[in-house]
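# prediction below, plus the sequence it came from.
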Amino acid sequence: MKVLRMVALLIVGALLYQGGQALLRSRSLQLAKFEVVGNSEARVSTDQLIRATGVDVGDQLVGISTHKVAGRLQKLPWVEKARVERILPSTLRISVQERKPSLVAQTDQGPYLVDEHGLVLQQGSGKLVELLDLPLNELVPGSRITTPEFTHAARILRSLPPGIRTSVSSVRAPSIDQIQIETEAGPVIYYGAAEDIPEKNYAAETLLRRTAGAVNSGVIDVRVPSRPTTRAR
């Protein structure tokens, strides 16, 4: 009886294996269509995403590693997150979340869109805060700005109170000590290093209120927040 049972199990296993192999070879489970959602064509096109998957129409759908495909997609500068799903019998669905540009880094090569963490997205401009005078090497999409000047400037920008943040037109960061916020039709605010940020924000807001209409084109210096100063530009 044990021998017969073992033989029966082997036969069933062989049939299941053959059935599985036939299923893998079935034309009904071949990739026939990509479905792409979440991207804006101006930033990362549907064609670009499909090419980046590394798979082709006609590949066996069940043999595609969705994890590996998602990893390839997330190497594209604009793609922050990617989710890949098999939709039987023949569709690969790609859902992406794009990165958001926060700054325009002005360089000798021209302007580059950059996210808040310094990732270079593409060459181009937009209605964003400009980052000026930053000591930079050559930029390429997908590279990351890691200079201390950028790190301090980005941290200051993220921490600015709304009343100041909405009026910022550009940030100059030739060095950490010389980081300055340029406001639209208002004073230049010297912040220096991204240290004592709450105290610097409080001093900047206080002096902006006191000098409103009086030193409209002047300079506010909060690098030493316990002794903030104002002067003519």
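Ah, there it is. Numbering: from 1, shown residues only.

# mind listing the residues bridging to Ala105?
Note on Ala105: beta-bridge partners by DSSP bridges are Tyr112, Leu131.

# distance of it relative to Ser45?
23 Å (C-beta to C-beta, to the nearest Å). For glycine as for every other residue, the C-beta is placed from the backbone atoms N, C-alpha and C.

# for Glu184, same thing?
34 Å.

# contacting residues around the residue most central in space within the chain?
When C-alpha atoms, centre = their mean is applied to the chain, the residue found nearest the centroid is Arg99 (3.5 Å). Residues near Arg99 by C-beta atoms under 8 Å, 6 or more residues apart in numbering: 77-80, 115, 119, 121.

# how about these in a markdown table, adding neighbour count?
Below are the contacts of Arg99 laid out as a markdown table (neighbours: other C-beta atoms under 10 Å):
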| residue | neighbour count |
| --- | --- |
| Pro77 | 20 |
| Trp78 | 25 |
| Val79 | 23 |
| Glu80 | 14 |
| Asp115 | 19 |
| Leu119 | 19 |
| Leu121 | 21 |
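
# which of Ala105 and Ser45 has more neighbours?
Ala105 (21 against 14; other C-beta atoms under 10 Å).

# check what pLDDT the more buried one gets.
Ala105 carries a pLDDT score of 96 in this model.

# repeat for Leu29
pLDDT at Leu29 comes out at 86.

# now do the helices in this protein.
With DSSP state H, the ranges of helices along the chain come out as 2-25, 46-53, 66-73, 148-159, 162-165, 197-211.

# lowest average pLDDT across the ones you listed?
helix 2-25 (a mean of 49).

# confidence score at Gly213?
So, for Gly213, pLDDT stands at 59.

# sorry, slip of the keys, the one I care about is Ser175.
97.

# quick check: chain neighbours aside, which residue is closest to it?
For Ser175, ignoring the flanking residues on the chain, the nearest one in space by C-beta to C-beta, 6 or more residues apart in numbering is Glu149 at 6.4 Å.

# I'd guessed that neighbour sits against Leu136; true?
No. Proximity of Glu149 to Leu136 does not meet the contact threshold set by C-beta atoms under 8 Å, at 9.1 Å.
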